[in-house]
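Visitor: have a look at this prediction, sequence included:
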Amino acid sequence: MALAAACTLAAPAWAGTPVRAVETDLASDNERVISYRHQQHMWLTADGAVHLVMNRGSYAPGGLALYSSRNGGVNWQLAYAFAATDDKSTADTLPDGDAVHVVYHTAAGNVMHELLHYDAASGSWTPLAAEAAFAAGRISAQNPAIAADERGGLWVGFLARNKLSNQGNLRVVYRPAGGAWTDPGLVFGPTDNRAVERSARPVAIPGGIGMVWTVREVTYFSRRGLTEAANAPWSTETVFVGSVDSTVSDPYASHFNVVTDAAGGVHLITVENYDILHFRWDPATLAWSAPQQVDDSRKVAYAQMGLFNGLPVVGYSVQRGKGTFEIGDAPGVNWDPTYDLAMVPAVPGINYNTARIELPARAAGTMPVLQQYDVYGVQRLMLYTVPSP
């Protein structure tokens, strides 16, 4: 009894209610299976089905593919394959009722936009439209992310790299509701040959559109009103300057995530020297909050944020150990390590060097959380089913 009492007293401060992972049948030979962190790859439909765009690498059908699960995320079925993609292609999704907008970059370096429709009765997806959002012969476009403004306009931010000079910068393209994709000719940040060290994520804000973007260790926020000319410059501010050392483990400056709450506030997390920092942009004051540390004293490897029952949540993995699911209050000032994310049992060949976390931007009731792991070079995804507290 004394030993048991001692063990209870010695429990780490971060201990929460355990949620044990189960294996899924998702697999890839590509480390980018659910990359990158600033993109959203998983979402839920009204019938409770879970959907994921992942990179299969060389596994058939190869490149990017859409999978659906009708039993909470344990078993998955191939629903759609995205043509002309390869092992380097990444995607972002924007759910829209029983449809989803998907943007991705092809093997040729074009940004494609597809609209797919979901049939709940059959569990199938049907393509409704496919078009190039950006294509330029000498420019390789990579790692796009998409948002919709309150007028139905679509905005895509992406990395643009010159194939000849390797000079790169961040750009944005726009499609008004019912219109065609246009390039307003705007560039965000410097143009230099450290091209890949930057990422961009557009985000809806009241009366306009914003974009969180990074260049190496610096995080910026740009915004514009919907009544401004398409080629008008956006107002830009620096949100956070991290350490140069932190960029070593984040070569694409993509270890951040963004969601907008019901009040129009923008929640942002970024991983800085193994800690998760949370910021919130207030639409009333147009100001960002001071950084709030979300995690505990362990070293965070990967993290992703969403809204769970309307509140900000963060799931994260830590180096060589179980992760945590933190639930915040509405402004993200106070955080509670509500659940431990207990990994699948160890097997020969298993490692967690690629322990990326994926969760939907919005969920209610229960939230599926996927975590990547490696078994003898095969990238697998385990599932946590997180209940409401």
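Guide: Structure's in. What do you need? All values reported here derive from a predicted model rather than from experimental measurement.
Visitor: and the pLDDT at the nearest residue to Leu159 once chain neighbours are set aside?
Guide: Distance criterion C-beta to C-beta, 6 or more residues apart in numbering; nearest residue to Leu159, sequence neighbours excluded, is Gln142 at 4.6 Å. Backbone N, C-alpha and C define where each C-beta goes, glycine included. pLDDT, Gln142: 97.
Visitor: okay, how far is it across stretch 286-303, tip to tip?
Guide: With C-alpha to C-alpha, to the nearest Å as the measure, stretch 286-303 spans 26 Å from end to end.
Visitor: equivalent analysis for stretch 259-272, please.
Guide: Stretch 259-272 stretches 19 Å from its first residue to its last (C-alpha to C-alpha).
Visitor: mind listing what's buried in it?
Guide: Val259, Thr260, Asp261, Gly265, Val266, His267, Leu268, Ile269, Thr270, Val271, Glu272 (16 or more other C-beta atoms under 10 Å).
Visitor: over to stretch 275-292?
Guide: In stretch 275-292, counting by 16+ other C-beta under 10 Å, buried: Asp275, Ile276, Leu277, His278, Phe279, Arg280, Trp281, Pro283, Trp288, Ser289, Pro291, Gln292.
Visitor: how far out from the middle of the chain is it?
Guide: 18 Å (C-alpha atoms, centre = their mean, to the nearest Å).
Visitor: how about Ser89, secondary structure?
Guide: Judged by DSSP: H, G, I helix; E, B strand; the rest coil, the three-state class of Ser89 is coil.
Visitor: now do it: how many residues are near it, please.
Guide: The burial count assigned to Ser89 is 23, neighbours taken as other C-beta atoms under 10 Å.
Visitor: hmm, Ala107 and it touching each other?
Guide: Yes. In this structure Ser89 lies within contact range of Ala107 using C-beta atoms under 8 Å: 6.7 Å.
Visitor: overlap in contacts of those two?
Guide: The contact sets of Ser89 and Ala107 overlap at Gly63 (C-beta atoms under 8 Å, 6 or more residues apart in numbering).
Visitor: returning to that earlier point: three-state assignment of the residue nearest to Leu159?
Guide: strand.
Visitor: check contacts around the closest residue to Arg138 other than its chain neighbours.
Guide: Residue nearest to Arg138 in three dimensions, not counting chain neighbours: Lys163, with 5.5 Å by C-beta to C-beta, 6+ apart. Shown in contact with Lys163 (C-beta under 8 Å, 6+ apart): Gly109, Arg138, Ile139, Ser140.
Visitor: residues contacting the third one?
Guide: With contacts defined as C-beta under 8 Å, 6+ apart, Ile139 is in contact with Gly109, Ala160, Arg161, Asn162, Lys163.
Visitor: same question for the second one.
Guide: For Arg138, the residues meeting the contact criterion (C-beta under 8 Å, 6+ apart) are Asn162, Lys163, Leu164.
Visitor: with the first one instead?
Guide: The contact partners of Gly109, taken as C-beta under 8 Å, 6+ apart, are Ile139, Ser140, Ala141, Gln142, Arg161, Lys163.
Visitor: how far away is it from Gly168?
Guide: Counting by C-beta to C-beta, to the nearest Å, the separation of Gly109 from Gly168 is 12 Å.
Visitor: which neighbours do these two share?
Guide: By C-beta under 8 Å, 6+ apart, the residues touching both Gly109 and Gly168 are Arg161.
Visitor: which residues sit against the helix or strand harbouring Leu381?
Guide: Secondary structure assigned from DSSP states H and E places Leu381 in strand 378-387. Residues from elsewhere that reach strand 378-387 (C-beta under 8 Å, 6+ apart): 19-24, 26-31, 33-34, 54, 57, 72-74, 308, 315, 325, 339, 341, 343-344, 354, 358, 365-374.
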